[in-house]
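Q: For reference, the sequence and a predicted model appear below.
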Amino acid sequence: MSDIFAVRTHEKMQEVLMEPNAQGPEAHYWMIRGGSEKGNITVWESGLVGREYIKTYGHYHVDNLPETYWILSGEGIALLQKRVGDESDPSRLDSFKVVKVKAGDTLDIPAGWGHLVVNTGSTFLVTKDDSPVAGVGDSVSMPQHADYKQVQEMHGFAYYVVEHEGQPALVKNPHYASIQEEDLGGLEEIK
């Protein structure tokens, strides 16, 4: 079981949090990696880290790989972002999009789009995906088909999803220089 199981700890998530020193659960989410043959299951803890809802780390695929998520339980928000042109400057985005998801939904992620998912509900958020994860050890936690480095450099995605007056809202990540086109999914942007 240890070869297919991975946990994303609070310590690792601090690299991409809006408030890296805020208290959070020991584990933010758990992954069971079956690859494209069996599928992958991810389970998010509920709650907040400071003002920010618990989320995945976020990544881009290193090749021309689309991905599909099936939302099995709970509710959340997917953040999708596409880098500009040659992708050498992670602070410049061509597009950013917010998609609300709930149990029963399917989320198709086009090739070239970075993505992360946020649990905005009060229960576990559970998804299945068709990502071709392969390997053991650290490659199960940070698979080789995914690029986490630029997300780490930028301290997360272009926006953070935070709790504001009992509802999800967005706070812009100041490390991003420009976003050419954005769809905030009806969420309020706050400071």
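A: Everything's here; your move.

Q: Using CSV, list the CA coordinates for the longest strand seen in the chain.
A: Criterion DSSP state E: the longest strand present in the chain is strand 92-102. Below are the C-alpha coordinates for strand 92-102, written out as CSV (Å, rounded to 0.1, in the frame of the first residue of the first chain):
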residue,chain,number,x,y,z
ARG,A,92,2.6,36.1,-16.7
LEU,A,93,-0.7,34.2,-17.5
ASP,A,94,-2.7,34.0,-20.6
SER,A,95,-5.8,32.9,-18.8
PHE,A,96,-7.2,32.2,-15.3
LYS,A,97,-10.5,30.4,-14.6
VAL,A,98,-12.5,29.5,-11.5
VAL,A,99,-14.9,26.5,-11.7
LYS,A,100,-17.2,25.5,-8.9
VAL,A,101,-17.5,21.7,-8.5
LYS,A,102,-19.8,19.4,-6.4
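
Q: Could you list the paired strands of the very next helix or strand once past that strand along with their orientation?
A: As assigned by DSSP states H and E, the chain's next helix or strand after strand 92-102 is strand 106-109. Its sheet considered, strand 106-109 pairs with strand 67-73 (antiparallel) by DSSP bridges.

Q: buried sites along the partner strand?
A: Glu67, Tyr69, Trp70, Ile71, Leu72 (16 or more other C-beta atoms under 10 Å). No exception for glycine: its C-beta is placed from N, CA and C like everyone else's.

Q: who touches it?
A: Outside strand 67-73, the residues within contact range by C-beta atoms under 8 Å, 6 or more residues apart in numbering are 41, 61, 78, 101-109, 115, 117, 123-131.

Q: Make a ChimeraX selection of the buried ones in these.
A: Provided next is the ChimeraX selection string for whichever of these are buried by 16+ other C-beta under 10 Å:
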select :41,61,78,101,105,107,109,115,117,125,126,127,128,129,130,131
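
Q: From the centroid of this structure, which residue is nearest?
A: Leu116 (1.7 Å; C-alpha atoms, centre = their mean).

Q: does that one have beta-bridge partners, and which?
A: Leu79.

Q: got it, and Val7?
A: Beta-bridge partners of Val7, as defined by DSSP bridges: Trp30.

Q: who are the neighbours in contact with it?
A: So Val7 contacts Ala27, Tyr29, Trp30, Met31, Ser141 (C-beta under 8 Å, 6+ apart).
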